[in-house]
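*Asks:* here is a sequence with its predicted model. Questions after.
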Amino acid sequence: MSKTGISICRVTFLAALTALFVPVMTANKAPAISHSGHDIFLDRCSACHGEDGKGNGPAVGSLKVAPADLTLFAQRHGRAFPVERVKQILGGWADITAHGSREMPIWGDLFRGKSPADQQVANEQFKSLVGYLESIQQ
């Protein structure tokens, strides 16, 4: 085999190795954490509450209890957005049976950091989601 043929084989081999191992190496990296309330909502809430928050998510058909229309929180509370009530629900302190037990609400440990730095991120995400919910009120 000529030197050019060997070089082409080496380049092809290296390209094949890169194609095989780069996806594996990057798959082990932690996903970027979004602090956007909208992104958190889409990731953790929209399956039940819908992308627009009106309770029309794709999982509705399999639920025993219809999800709330989250755009009506303020309307149901005298036109004032009930920030403390929303915090109670999101924090798992309010009994919302459809969300699961207090130990493991539907959004998991999103708002519970394992270290002080993690808790700071969790607090930011919590505030962002509350802010987003307030922003979609009718």
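*Replies:* Nice, I can see it.

*Asks:* compute the number of surrounding residues for Leu70.
*Replies:* By other C-beta atoms under 10 Å, the residues close to Leu70 number 21. The C-beta positions use only the backbone N, C-alpha and C, and glycine is treated the same way.

*Asks:* can I assume Val86 is in contact with Phe73?
*Replies:* Yes - in this structure, Val86 is within contact of Phe73 by C-beta atoms under 8 Å, at 6.7 Å.

*Asks:* identify the contacts common to these two.
*Replies:* Taking C-beta atoms under 8 Å, 6 or more residues apart in numbering as the contact rule, Val86 and Phe73 both touch Leu133.

*Asks:* neighbour count for the two, which is higher?
*Replies:* Phe73 (22 against 18).

*Asks:* any idea which element the more buried one lies in?
*Replies:* Phe73 is part of helix 73-76, with elements assigned from DSSP states H and E.

*Asks:* from the contact counts, what lies against the following helix or strand past that helix?
*Replies:* Next helix or strand after helix 73-76 toward the C-terminus (DSSP H and E): helix 83-90. If contacts are counted by 3 or more C-beta pairs under 8 Å, 6 or more residues apart in numbering; DSSP states H and E, helix 83-90 sits against helix 116-135.

*Asks:* quick one: mean pLDDT over the helix it packs on.
*Replies:* Across helix 116-135, the average pLDDT comes to 91.
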